[in-house]
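# Predicted model and sequence follow; I will ask about them next.
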Amino acid sequence: MGGRWRGIGFAAGLAAAVVAVQLAASAAHKVFYLTQLTMAAYSLLVVLGLALLMGYAGQASMGQAGFFAIGGYVAAFLTTRDLARFKDGTPFRILDHANLLVTRGDGMGGTLTHLHPWAAALLAVVSAAGIAWLVAGPVFRLRGHYLAMATLGFGIIVHRIFLASPHFGGADGISDVPPLALFPGFAVTGRATVRVANYYAAWAVVLLALWMLTNLIGSRVGRALRAIHGSENAAASVGVPIAAYKTRVFVLAAVLAALAGVLATHYNGGIGPSEASVMKSVRYVAIVAVGGMANFHGAVVMGTLLTFLSLRGYFGTLDDLVFGGILLAMMLFAPEGIVGAALGSRVRALYGRRRRDADDSTAA
Amino acid sequence: MSGAAAAAVPGCAASMTSDILLQFCVAGVTYGVIYGVVAIGFTIIYNTTGIINFAQGEFLMLGAMTAVTLQRFVPLPAAILGAVAITMLVGAALEVLFIRWLTRPSVLRMIMITIGLSIVIREVALHVWDEKSHALPYFTGDAVSALTVAGAKISPQVLWVVGVCGAMVLLLGLFFHATPLGRQMRACASNRDAARLCGINARNMVTLSFVLSAGMGALAGCVVSPITFVQYDSGTALAIKGFTAAILGGLGSTAGAAAGGVVLGLLESFSVWFLPAAYKDAVAITVMLGVLFVRPTGILGNAEAARLRGH
C-alpha cells in the first residue's frame, strides 16, 4: 500500500534527520539545541494524540494540556512527597516489601522516602487514562460548540486545581523531581552529561508513537474513525460503535499527553501550573491545525519547528500571538492544512482534467 | 466594620447572618448582570449565525481598556461613548474580515477561528496596553462610598451596573420587537432563507449582530471596570461564564440568558461559603459542565433550544 510505504519513508527520514541534527549540533558545539529538541519531541506526543482525536476522529479537545499536566503533576507529586511519616502504616510496609520505595537526600541534609519513579510514572499515566475515561462518557454526548466548551472547561478546572492547591505547590508548581531511570546507566533527566542520550530516547518514543498511530489509522479502527468524522449517523448505521470508539481515542490521546507530561517533568526536574493553561491547549490545537489536521507527518514537522522556535525564544513576547495567529490563519485560508491544501488542489485539478477528458470522449 | 468580622461577635450572629446573605446577594447580582450581558451577546450572534463567538469576552475587555485610555483626554461619559463606538467598529470589522466571506464553514472551523480571534485580540491588547489591571473611576462617589439598603451596604457603582445593564436588556427587547430592523434580525434568526425571500439582507443582519453584541459588551465592560478591574486577559473567564449563563437560560433566548447570568452570579457568590475563593472560577465551569451533561437545553430552555443542540 502506498500509504504504508510513505509512512515507512517518513519514519526513516525522521530518524535520519534526528541523527543528522545531533551530529551537526555536536560538531558545531551547539549541543544545547538538543535540549529544546528533546522538549519538542515530548510535546509531539501530545500533538500526535490530538491529531488522532481531532484530525482523524473529528472531535475537538480544547483541554489537552490538562492531561499533560495531570501526568506531570502526579509523577512529580509522588516522587517528591516524603512518606517516612507513614512508615508504621501497613500500606507503607507493603510498598517497602515490594521494593517500590526509594530514599534519597532532600538536598537540605535530610532524607526523603518516596514512591519509585517508575511506579509513580505508571500511576500518573493510569490516573490520566482513568480521568479521561470518566470525562469521555458525558463529554462525548456533546458535539460541536458544546464539546469544545466542555473540554475547554475541563482544561480550566485542571489548571485551577493545580494553581490553587497547596499540595501541588500553587503558582510555583513542584520542583526537585528526581531522574527517571530507564535502564542502568541511563535516566530521563536534564543533566548535560546525558543530554544526547535523552535526545535519542525522546525521539525513539516519538517514532514508536508514530508507528503505533499510523498502524491504528491504517486498520479497521482508523476507517471507523474517519467514518465518524464524515458522518456520525452514517457510521452508526453501518455498525460503528461511535461512543466506544470516541472514548478509546480520547483515552489514548490522554495517555500520550500524560506520558509526555511524565517524561518532560522528569527531564525538567519539575512542573508548573502554566503547563495546564488554556493557551497551552490552544497551542497544541494550532500545531495540529497547521500540520494539516488529519496528518501525523505534518504535525511532527510543524510541531518540531514551532515548539523549537518557541522554546528558543525566537518569538519573544509575541509567542502566544504567533500561535493564535497561526490557528486563525490556518482555519481561515487552509483548513485542510498547508500540505493538505496543496495536495487537495492538485488532486482536484487531476480529477477535473480526467472528468473533462471523459466528457470529451463521450462527445466524440 | 466588615460583615464577616461582625458575624464572629456572639449574640448578634443571627441578624448578621442575614446581612451577609444580603451582601452576597448584592455581589451575586452585580456579577450576574454582567454575565447576563455577555450571555446576551453570545445569544444575539448565535441566533443570526449559529456560531458561538469564543471572542465574546474580549469585547468587554476592549471596551473597558479603550475607555480607560480615552478618559485621559476627554470626560468620562464621552470616553465611554467613544469606547463603545470603537468596540462596535471592531465587532463589525471582525465579521466583515473573518466571517462574512466564508462559504459554509464547518462548526469545528468556526470554533477555531473565534478562538484564534480571541487570542489575537488579547495579545494585541497586551502590546497596545500592558499586563496591568486598569479601571475607570467610580461614576459616582468613590471606592468607599456606600448606600445602606435594608442593612446591606451597596456601592453606587453596583446601582450603575445593574441600572445600565437592565436598561440595555430592556432597550434590546424593545429594539427586537418594536423596530423594523429588530424584526428583520429576528426573522433571520428564525428562518434565514425565508427572511432572504422577503428581501432582508441576511449578511448585513449578521454584521449588525456582531456590532450589537460588541457594543453591549463594551458598555458592560465600562460600567463594571471600577469594581472588578480589567486587564488584557480578562476576556476568557468572562466568555466561559457568559456561555454558562447562556446555556443555563437555554441557548438562544435573550431573557433566559439574562436570568441565567443572575442565577450564575448568585451561585458563584454563595459558593464562597463552601469553597476557598480560589475555586470561584471553577464553580461556574462546574455549573457549565453540569448543565451540558445533564440538561443541555438549559434550565429555562425549551424544545426549540433542544432542536439546536449539536449544531
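Right, received. Where do you want to start? Numbering: from 1, shown residues only, chains lettered A, B, ... in the order given.
# And for B:Ala178, the neighbour number?
Burial of B:Ala178 is recorded as 9 neighbouring residues (other C-beta atoms under 10 Å in any protein chain shown). (Glycine included, C-beta is placed from N, CA and C.)
# likewise A:Ser274?
A:Ser274 sits with 15 neighbouring residues when counted by other C-beta under 10 Å.
# now do B:Val26
B:Val26: 18 neighbours (other C-beta under 10 Å).
# packing partners for whichever strand or helix holds it?
Using DSSP states H and E, B:Val26 sits in helix B:13-49. The elements that helix B:13-49 packs onto, with contact taken as 3 or more C-beta pairs under 8 Å, 6 or more residues apart in numbering or on different chains; DSSP states H and E, are helix B:3-7, helix B:56-70, strand B:152-154, helix B:156-178, helix B:180-190, helix B:202-228, helix B:235-248, helix B:254-271.
# Quick one: mean pLDDT for the first one?
Going back to what we said before, that points to helix B:3-7. For helix B:3-7, mean pLDDT rounds to 40.
# can you check the fifth one too?
When pLDDT is averaged over helix B:180-190, the result is 88.
# Just the residues contacting that helix, thanks.
With contacts defined as C-beta atoms under 8 Å, 6 or more residues apart in numbering or on different chains, helix B:180-190 is touched by B:47-48, B:174-177, B:194-195, B:198, B:200, B:202, B:205-206, B:208-209.
# of all those, which comes closest to chain A?
Proximity of these to chain A (C-beta to the nearest C-beta) peaks at B:Asn47, which lies at 13.6 Å.
# ok, the closest residue in space to that closest one that isn't next to it in sequence - how many residues close by?
Distance criterion C-beta to C-beta, 6 or more residues apart in numbering or on different chains; nearest residue to B:Asn47, sequence neighbours excluded, is B:Ala189 at 3.7 Å. Using other C-beta under 10 Å, B:Ala189 has 20 other residues around it.
# I'd like the helices and strands packed on helix B:13-49 laid out as TSV, including distance to A:Ala128.
Formatted as TSV, those follow (distance: least, C-beta to C-beta, whole Å):
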stretch	distance to A:Ala128
helix B:3-7	39
helix B:56-70	29
strand B:152-154	46
helix B:156-178	42
helix B:180-190	42
helix B:202-228	35
helix B:235-248	23
helix B:254-271	27
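# ok, of those, where does mean pLDDT dip lowest?
Here those differ in mean pLDDT, and the lowest is helix B:3-7 at a mean of 40.
# hmm, back to that, between helix B:235-248 and the helix holding B:Val26, find me the angle.
90 degrees (axes from the mean of the first three to the mean of the last three C-alpha atoms, to 10 degrees).
# what's the residue positioned nearest the centre of chain B in contact with, if anything?
In chain B, the residue lying closest to the centroid (C-alpha atoms, centre = their mean) is B:Val38, at 1.9 Å. The neighbourhood of B:Val38, defined by C-beta under 8 Å, 6+ apart, consists of B:56-57, B:60, B:217, B:220, B:238-239, B:241-243, B:245-246, B:261.
# Just flag the most distant two among the contacts of helix B:180-190.
Within those, two members stand farthest from each other by C-beta to C-beta: B:Leu174 and B:Ala194, at 24.0 Å.
# what secondary structure does the residue nearest to B:Ala125 when sequence neighbours are not counted sit in?
Residue nearest to B:Ala125 in three dimensions, not counting chain neighbours: B:Tyr232, with 4.2 Å by C-beta to C-beta, 6+ apart. Under DSSP: H, G, I helix; E, B strand; the rest coil, B:Tyr232 falls in the coil class.
# same thing with A:Leu112?
strand.
# how many other residues sit next to the closest residue to it other than its chain neighbours?
Take A:Leu112 and drop its neighbours on the chain: the residue closest to it by C-beta to C-beta, 6+ apart is A:Asp106, 4.2 Å away. Residues contacting A:Asp106 under the criterion other C-beta under 10 Å number 14.
# so what's A:Asp106 up against?
Residues near A:Asp106 by C-beta under 8 Å, 6+ apart: A:Asp82, A:Leu112, A:Asp176.
# Tell me the bridge partners for B:Lys153.
Under DSSP bridges, the beta-bridge partners of B:Lys153 are B:Thr148.
# How far does stretch B:134-150 sit from its chain's centre?
21 Å (C-alpha atoms, centre = their mean, to the nearest Å).
# What mean pLDDT does that stretch get?
Stretch B:134-150 shows a mean pLDDT of 82.
# Buried residues, it. List them.
Judged by neighbour count (16 or more other C-beta atoms under 10 Å in any protein chain shown), stretch B:134-150 contains these buried residues: B:His134, B:Ala135, B:Leu136, B:Tyr138, B:Phe139.
# same question, stretch B:93-110
Across stretch B:93-110, burial judged by 16+ other C-beta under 10 Å covers B:Leu94, B:Glu95, B:Phe98, B:Ile99, B:Pro105, B:Val107, B:Leu108, B:Arg109, B:Met110.
# mind putting the residues you listed in CSV, pLDDT, secondary structure and distance to chain A included?
Formatted as CSV, the buried residues of stretch B:93-110 follow (pLDDT from 0 to 100; DSSP: H, G, I helix; E, B strand; the rest coil; distance: C-beta to the nearest C-beta, whole Å):
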residue, pLDDT, secondary structure, distance to chain A
B:Leu94, 94, helix, 11
B:Glu95, 93, helix, 13
B:Phe98, 92, helix, 6
B:Ile99, 89, helix, 10
B:Pro105, 82, coil, 8
B:Val107, 82, helix, 4
B:Leu108, 82, helix, 6
B:Arg109, 87, helix, 5
B:Met110, 87, helix, 8
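# follow-up on the earlier one: give me the distance between the residue nearest to the centre of chain B and B:Cys165.
Note on B:Val38: its distance to B:Cys165, by C-beta to C-beta, to the nearest Å, is 10 Å.
# what residues do these two have in common as contacts?
Joint contacts of B:Val38 and B:Cys165 (C-beta under 8 Å, 6+ apart) are B:Ala220.
# for the residue of the stretch 101-250 of chain A found nearest chain B, what are its contacts?
Here the stretch 101-250 of chain A gets closest to chain B at one residue, A:Ala164, 3.6 Å apart by C-beta to the nearest C-beta. By C-beta under 8 Å, 6+ apart, A:Ala164 lies in contact with A:Gly170, B:Pro276, B:Ala278, B:Tyr279.
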